[in-house]
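**Q** pasting the structure only:
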């Protein structure tokens, strides 16, 4: 398992996250400088079981996992309670870990909707076309390190 921020390769000032750490919350891109709670952006990447889970919820009996509610293109991604038999909560990485591909929806990847650079822009499931809107970078981090970084920013 790896704890990481998932940076948007098109503009690393944006990261994959949620505006609220709760079941059903939409997955969006967030401007790193606007994030005040590291729980919104720190993910546990488990390459073995293929879940991408919010680190802040790992100790919960039902951690929140990146989820495609359906296998259809243009489906808004959310976080929902992890279900062991749900392939729409399983993801693989390919292309030097640039693309995040759905196990339950073959050919579909995580995509910044319309490649918009705006805090809170939705992230959806979209057919893989190799566009910059579909490329992500894993940046290893920890909750403690993020909290320390935020504290330094607030003091400045």
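**A** On my side now, so go ahead. This is a predicted model, so every value here is computed, not measured.
**Q** Now residue 67: closest residue in space that isn't a chain neighbour?
**A** residue 80 (4.4 Å; Cβ to Cβ, 6 or more residues apart in numbering). Any C-beta I mention is one placed from the backbone N, CA and C, and that applies to glycine too.
**Q** Likewise for residue 112?
**A** Spatially, and ignoring its direct neighbours in sequence, residue 112 is nearest to residue 133 (4.5 Å; Cβ to Cβ, 6+ apart).
**Q** Next one: the one you found relative to residue 88, how far apart?
**A** Plainly put, residue 133 is 20 Å away from residue 88 if you go by Cβ to Cβ, to the nearest Å.
**Q** coming back round to it: neighbours of the residue nearest to residue 112, how many?
**A** Residues within reach of residue 133, counting by other Cβ atoms under 10 Å, total 21.
**Q** pretty sure it is touching residue 117, no?
**A** No - in this structure, residue 133 is not within contact of residue 117 by Cβ atoms under 8 Å, at 10.1 Å.
**Q** For those two, list the residues in contact with both.
**A** Both residue 133 and residue 117 are contacted by residue 10, under the criterion Cβ atoms under 8 Å, 6 or more residues apart in numbering.
**Q** In the protein, mark out all the strands, start to finish.
**A** Taking DSSP state E as the criterion, the chain contains strands spanning 2-8, 14-18, 27-31, 42-46, 51-54, 64-67, 75-76, 78-81, 91-94, 99-102, 108-112, 121-127, 136-140.
**Q** Indicate which one of those strands is closest to residue 146.
**A** Closest to residue 146 of these, according to Cβ to Cβ: strand 42-46, at 6.1 Å.
**Q** partners of that closest one, with directions?
**A** Here strand 42-46 is paired, per DSSP bridges, with strand 2-8 (antiparallel), strand 51-54 (antiparallel).
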